[in-house]
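Q: just a sequence and a predicted model for now, questions to come.
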Amino acid sequence: MTQANHHKVFIIGSGPAGYTAGLYTARADLSPYMATGVQPGGQLTTTTDVENYPGFPEGVMGPEMMVLFEKQAVRFGLEVVYKMVEKVDLSVRPFRLWEDDGTEHTADSVIVATGATAKYLNIPGEQEYLGRGVSACATCDGFFFRDQELVVVGGGDTAMEEAHFLTKFASKVYVIHRRDTLRASKIMQERAMANDKIEFLWETVVTEVKGDDKGVVGVELLDLKTDERRHLPVAGYFSAIGHKPNTDLFKGILEMDDVGYLKVDAPGTSTTIEGVFAAGDVADPIYRQAITAAGMGCAAAIDAERWLEDQA
């Protein structure tokens, strides 16, 4: 029987939270180990220009930024493998973790930074134009659509918030909703309906995102009442039907909210199991920004370091 690899800190997932946790724990001489997961660098690798992260006055490409994050953490001693953790046993310490190739690890502490995945309709054109007019984050990408017409898909609070925010830049925002009433809270509905730049297209669905070599040029719509199809020219398509935190691995193990976000102490990053910490979008249903994820990664690293010291 092969001996499991042992680590003081095992980081599950990459992205701003994971890499920052890796940087801080490496500099604390904790020899952290990271399994990046299926998408090394996380959601930012699907984003073209990042212009709202301090320190990059000219902006930076999302994938390039994540390469820099990784390089910096590796320089101080983070060990990175491009594998997925497919099973964990957090019931005993040291914790036990298995990667998708069967490799077993043990760890004194675990930092979960598996992120969240934006939900899309899975219609033609969505994935093709991701980062080129298709987005799930108005605060990340709204700035690029000054004086242009946009589409937001959804009927909940997220959709109303995204639409309202986008009117700061766009000349017009169409909210497309498959029903004739919104799920959003009353105050969010009222705010959106009072906004002159927002137009609601009820009982309508987007069937395809159209684009050219530059990006999105419009969407194909289907009226569910009349079966009428039409083309709506827009420069951007925002999916606002929610995010799914990547927490399936921890179901029945760590406490989550109704959607699946991991519950952590506030302030702090401790989960419901002592020695297991969570950072970034996996535990943040509110902000979902690269900078807040990085900040949480830093906090998780410090929390883990202090917790390990207390165990010594």
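A: Good, I have the coordinates. Numbers count the residues shown, from 1 in each chain.

Q: could you use CA atoms for every contact and neighbour count after this?
A: Noted.

Q: what comes up buried for the biggest helix by length in the chain?
A: Longest helix in the chain by number of residues (criterion: DSSP state H): helix 290-311. With burial defined by 16 or more other Cα atoms under 10 Å, the residues of helix 290-311 counted as buried are 290-305, 307-308.

Q: before we move on, what about stretch 166-173?
A: 166-167, 169-170, 172-173.

Q: what mean pLDDT does it get?
A: Averaged over stretch 166-173, pLDDT sits at 97.

Q: dump that stretch to PDB, restricted to CA.
A: Extracted C-alpha coordinates of stretch 166-173, given in PDB (Å, rounded to 0.1, in the frame of the first residue of the first chain):
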ATOM      1  CA  LEU A 166     -25.700  48.400 -17.100                       C
ATOM      2  CA  THR A 167     -27.800  51.500 -17.700                       C
ATOM      3  CA  LYS A 168     -24.900  53.500 -16.400                       C
ATOM      4  CA  PHE A 169     -23.100  52.700 -19.600                       C
ATOM      5  CA  ALA A 170     -25.600  51.300 -22.100                       C
ATOM      6  CA  SER A 171     -28.100  53.400 -24.200                       C
ATOM      7  CA  LYS A 172     -30.700  50.700 -23.700                       C
ATOM      8  CA  VAL A 173     -31.100  47.400 -21.800                       C
END
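
Q: so Asn5 is in contact with Thr106, correct?
A: Yes - with contacts counted by Cα atoms under 8 Å, Asn5 reaches Thr106, the gap being 6.0 Å.

Q: low-confidence stretches in the chain?
A: Along the chain, the model assigns pLDDT under 70 to residues 1-3, 46-48.

Q: please enumerate the helices of it.
A: Here the chain has its helices, by DSSP H, at 15-27, 62-75, 138-141, 157-166, 186-193, 290-311.

Q: closest to Asp213 out of those helices?
A: helix 138-141 (18.7 Å; Cα to Cα).

Q: turn the helices of the chain into JSON lines, including distance to Asn246.
A: As requested, the helices of the chain are arranged in JSON lines below (distance: least, Cα to Cα, whole Å):
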{"stretch": "helix 15-27", "distance to Asn246": "13"}
{"stretch": "helix 62-75", "distance to Asn246": "19"}
{"stretch": "helix 138-141", "distance to Asn246": "20"}
{"stretch": "helix 157-166", "distance to Asn246": "19"}
{"stretch": "helix 186-193", "distance to Asn246": "27"}
{"stretch": "helix 290-311", "distance to Asn246": "14"}
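
Q: of the ones you listed, which is nearest Tyr237?
A: helix 138-141 (10.0 Å).

Q: now the buried residues of stretch 166-173 as a markdown table including distance to Gly236?
A: Converted to a markdown table, the buried residues of stretch 166-173 look like this (distance: Cα to Cα, whole Å):
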| residue | distance to Gly236 |
| --- | --- |
| Leu166 | 10 |
| Thr167 | 13 |
| Phe169 | 12 |
| Ala170 | 10 |
| Lys172 | 11 |
| Val173 | 10 |
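
Q: excluding its backbone neighbours, what's nearest the spatially most central residue of the chain?
A: Residue closest to the average C-alpha location in the chain (Cα atoms, centre = their mean): Ala116, at 4.1 Å. Counting by Cα to Cα, 6 or more residues apart in numbering, Ala116 lies nearest to Pro245, which is 3.8 Å off, once chain neighbours are set aside.

Q: same question for Pro16.
A: Among residues not flanking Pro16 along the chain, Ala294 sits closest, at 4.8 Å (Cα to Cα, 6+ apart).

Q: that neighbour against Thr20, yeah?
A: Yes - taking contacts as Cα under 8 Å, Ala294 lies within contact range of Thr20: 5.6 Å.

Q: follow-up on the earlier one: for Tyr261, see how far away the residue nearest to Ala116 is.
A: Using Cα to Cα, to the nearest Å, we find Pro245 at a distance of 6 Å from Tyr261.

Q: over to Lys8?
A: 25 Å.

Q: looking at these two, which is more packed in?
A: The neighbour comparison of Lys8 against Tyr261 (other Cα atoms under 10 Å) goes to Tyr261, with 23 against 19.

Q: check contacts around the nearest residue to that one once chain neighbours are set aside.
A: Of all residues not flanking Tyr261 in the chain, Ala283 sits nearest, at 5.0 Å (Cα to Cα, 6+ apart). Neighbour list for Ala283: 115, 245, 261-264 [criterion: Cα atoms under 8 Å, 6 or more residues apart in numbering].
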